[in-house]
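>>> Need a 3D model of the following:
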Amino acid sequence: MRKEIERKFLIKETPTHLKAGQLQLIQQGYLSIEPEVRIRSVHPKVGHKEYTLCIKGPGTLSRTEVDIEISQEQFEALKTLVPGTMMVKVFQNFWDDNGVAYECSIVDVGLCGEYWSYCEVEFNSEDEAKSFIVPTWLGTEITYVEGYKMKNYWQRNHAYLRGKEVV
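I've put the predicted structure just below:
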């Protein structure tokens, strides 16, 4: 269990001037919205594939997060319980000269034919997060915008695809 402290931004431009990590493909789906319980698979181009069950507490800037590593078989079994489609993200880390990590994702809305890009920056404390100077390549901050929380976004855009009407 850990305390996740992060700010989230839309991406205005690709940070080509920063050191880039490898691209990764992420599948993510929600077993529950309240409390937030999701499964995720991370497939790097090179390296070990990861499967996790994640439980997140309430909050925006700061919240509790519990990540539990699961097997591929457990992931595939839990995936059948997701009441909708799995969200797909293309994920890549970037680092600036000060060692700040920018976790950038392109989210595929699936059958809706829509894509959007966002970036998360994690911090060690709320004071550090609040004093962060936002680089010009980042766009609008969406940390406190409920519609951009991944669980809410998934609920609006994915759950209905299996006939689960969500209000």
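>>> all helices for this structure, in order.
Along the chain, counting by DSSP state H, helices occupy 72-79, 126-131, 150-157.
>>> So which of those helices is nearest Glu141?
Closest to Glu141 of the helices of the chain, according to C-beta to C-beta: helix 126-131, at 11.1 Å. (Each C-beta comes from the backbone N, C-alpha and C, glycine too.)
>>> Check which helices and strands that closest one sits against.
If you count contacts as 3 or more C-beta pairs under 8 Å, 6 or more residues apart in numbering; DSSP states H and E, helix 126-131 packs onto strand 2-11.
>>> show me the contacts for Asp67.
For Asp67, the contacting residues are Arg2, Thr52, Leu53, Cys54, by C-beta atoms under 8 Å, 6 or more residues apart in numbering.
>>> Ok, Cys104 next?
Cys104 neighbours (C-beta under 8 Å, 6+ apart): Ile11, Pro15, Phe91, Gln92, Asn93, Phe94, Ser117, Tyr118, Cys119.
>>> before we move on, what about Ala101?
By C-beta under 8 Å, 6+ apart, the residues touching Ala101 are Asn93, Phe94, Trp95, Val121, Glu122.
>>> got a winner among the contacts of Cys104 for most neighbours?
Comparing the contacts of Cys104 by number of neighbours (other C-beta atoms under 10 Å), Cys119 comes first, having 24 neighbours.
>>> got the contact list for that one?
Lys8, Phe9, Leu10, Ile11, Tyr102, Glu103, Cys104, Ser105, Leu138.
>>> So for it, what's the nearest residue that isn't a sequence neighbour?
Nearest residue to Cys119 in three dimensions, chain neighbours excluded: Cys104, at 4.5 Å (C-beta to C-beta, 6 or more residues apart in numbering).
>>> where's the spatially most central residue of the chain relative to Ile26, distance?
By C-alpha atoms, centre = their mean, the chain has its centre lying nearest to Met150, at 6.3 Å. Distance, Met150 to Ile26, using C-beta to C-beta, to the nearest Å: 11 Å.
>>> And Asn131, how close does it get to Phe91?
I think there's a mix-up here, since residue 131 is Ser and not Asn. 26 Å.
>>> Who are the contact partners of Gly57?
Applying C-beta under 8 Å, 6+ apart, the residues contacting Gly57 are Pro35, Glu36, Arg63, Thr64, Glu65.
>>> Much appreciated, bye for now.
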